[in-house]
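J.: 3D model of this:
(one chain, ligands or ions: 1)
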Amino acid sequence: MNTIKYFFNRLRIIQLLIGFVLFLTMQSCGSDRNSVIEIVTTEMDFQTLDTIPSGWNTFLYINKSNETHFFLMDKYPEGKTIEDTENEIVPPFQKGMDMFNEGKSEEALAEFGKLPEWFSEVVFSGGSGLVSPKTSSLTTIKLEPGYYIMECYVKMPNGKFHTSMGMAKSVIVTDNDSGEAPPDANVNITISSKEGITYDKPIIKGKQIFAVHFKDQIVHENFVGHDVNLVRLINDADIKVLEKWMNWSDPKGLISPAPAGFTFIGGVNDSPAGTTGYFTAVLEPGDYAFVSEVPNTLSKKMLKTFSVRE
Ligand SMILES: [Cu+2]
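T.: Coordinates of the predicted model:
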């Protein structure tokens, strides 16, 4: 009898131990899941949560597709939804782009004039910079509660925006705060319409956490605000080619395939004046650039090259 009792006692202890180990594992998985929100693109999609907390959120954007993409969080005015995007926003942009492609810039501007008044109330609230095919990015941004459209407006080879191909997803940001804090940055980048892109220390190899401070924000010639994208330059790639490609309103700009010689590894997308976003990148020695997704970045000092030493 004693032997049997002893056996069951041992079994009970082993059960408790297994339970405890499982509890610890779940705790660590749980906290990981809370702090990083995954977004996966396989083709022309955003696979992610429908509802997320407000406050600081870190997004791991995994681009498994063969195209270059980004995600941008557009905070919509009260009562506007994804149906309004499809009916009132996508058509003027697409028709305007088609006109630009045909060289009819006046007609193009007339199409953009058809954008509804509420479009000016959309708050571009950050997101990742551009992310090359089979590449990932890590971005931390602070979100106010509200209804958002997560979008990517890179163009297909035929000039169609990804926005109209499935890359517009509604996301509800709740009143519940994530309780997360922003990361500690190694390098502070500041972007402004007057001084362009500046940063406070030499950029070294290894894991870097960049803070991007939006000193101001303006609407550029292509109707969007400035942002910061990190690009690896391969084999003396021509930055004039990069400058031209970073303008979606150019028929050959922001269109697939991205020009050879540039690997986009994230950044912080269009954000309001006075806000800060963060992104993390692991840098190998080589040549890089910070560039904004607006026209004429060289004269605006929004295209800055730098080298990372061994
Ligand atoms: Cu895209």
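
J.: which parts of this protein sit against the ion?
T.: Residues of the chain found near the ion (C-beta under 5 Å from the ion) are 69, 152, 154, 162, 167. To be clear about C-beta, it is placed using only N, CA and C from the backbone, and glycine gets the same treatment.

J.: Can I get those in a markdown table including neighbour count and pLDDT?
T.: Shown next, in a markdown table, are those (neighbours: other C-beta atoms under 10 Å; pLDDT from 0 to 100):
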| residue | neighbour count | pLDDT |
| --- | --- | --- |
| 69 | 26 | 98 |
| 152 | 29 | 98 |
| 154 | 22 | 97 |
| 162 | 26 | 96 |
| 167 | 24 | 97 |
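
J.: Pull the most distant pair out of those residues.
T.: Maximum pairwise distance in the residues of the chain next to the ion, criterion C-beta to C-beta, is 8.1 Å, between 154 and 167.

J.: list residues touching both of these two?
T.: residue 69 (C-beta atoms under 8 Å, 6 or more residues apart in numbering).

J.: Next one: residue 113, what pLDDT does it get?
T.: Reading off the confidence values, residue 113 has pLDDT 89.

J.: Let's check: the centremost residue of this structure is which one?
T.: Centroid-nearest residue in the chain, with C-alpha atoms, centre = their mean: residue 128, separated by 1.5 Å.

J.: Surely that one and residue 270 touch.
T.: No - Residue 128 is beyond contact range of residue 270, at 11.0 Å (criterion: C-beta atoms under 8 Å).

J.: ok, the residue nearest to the centre of the chain to residue 102 distance?
T.: 32 Å (C-beta to C-beta, to the nearest Å).

J.: give me the low-pLDDT residue ranges for this protein?
T.: Residues of the chain meeting the criterion pLDDT under 70: 1-34.

J.: where exactly do the helices run in it?
T.: 2-35, 82-84, 90-101, 105-112, 239-245 (DSSP state H).

J.: Which residues does the second one contact?
T.: Going back to what we said before, that points to helix 82-84. So helix 82-84 is contacted by 76, 116, 118, 149, 168-170 (C-beta under 8 Å, 6+ apart).

J.: Could you rerun that using 6 Å?
T.: residue 170 (C-beta atoms under 6 Å, 6 or more residues apart in numbering).

J.: Return the set of buried residues in it.
T.: 82, 84 (16 or more other C-beta atoms under 10 Å).

J.: Likewise for stretch 134-144?
T.: Neighbour count says stretch 134-144 has 135-143 buried, by 16+ other C-beta under 10 Å.

J.: again with stretch 229-244
T.: Within stretch 229-244, the residues scored as buried using 16+ other C-beta under 10 Å are 229-233, 237, 239, 242-244.

J.: what does stretch 209-222 give?
T.: 209-214, 217, 220, 222.

J.: Need the distance between the two termini of it.
T.: Using C-alpha to C-alpha, to the nearest Å, the end-to-end distance of stretch 209-222 comes out at 29 Å.

J.: May I have the strands that pair with the longest strand seen in the chain, each with its orientation?
T.: Counting residues, the longest strand in the chain under DSSP state E turns out to be strand 51-63. Note on strand 51-63: by DSSP bridges, its sheet partners are strand 36-41 (parallel), strand 135-143 (antiparallel), strand 168-177 (parallel).

J.: For those, give me CSV that also has distance to residue 122.
T.: As requested, the strands paired with strand 51-63 are exported to CSV (distance: least, C-beta to C-beta, whole Å):
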stretch, distance to residue 122
strand 36-41, 20
strand 135-143, 14
strand 168-177, 12
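
J.: And for residue 189, the neighbour number?
T.: Using other C-beta atoms under 10 Å, the number of residues around residue 189 comes to 25.

J.: List the contacts of stretch 254-272.
T.: Identification of contacts with stretch 254-272 by C-beta under 6 Å, 6+ apart yields 67-68, 70, 72, 124, 126-132, 137, 154-157, 212, 214, 217, 224-225, 227-232, 234, 237, 241-242, 245, 248, 277, 279, 281.

J.: Only the buried residues of that stretch, if you could.
T.: 254-256, 258, 261-271.

J.: of all these, which comes closest to residue 40?
T.: residue 266 (15.0 Å).

J.: Next, work out how far apart the closest one and the ion are.
T.: 14 Å (C-beta to the ion, to the nearest Å).

J.: Likewise for residue 89?
T.: 16 Å.

J.: Residue 243 too?
T.: 20 Å.

J.: cool, and residue 36?
T.: 21 Å.

J.: who does that residue bridge with?
T.: Bridge pairing for residue 36 - DSSP bridges - gives residue 58.

J.: Also residue 280?
T.: residue 138, residue 209.
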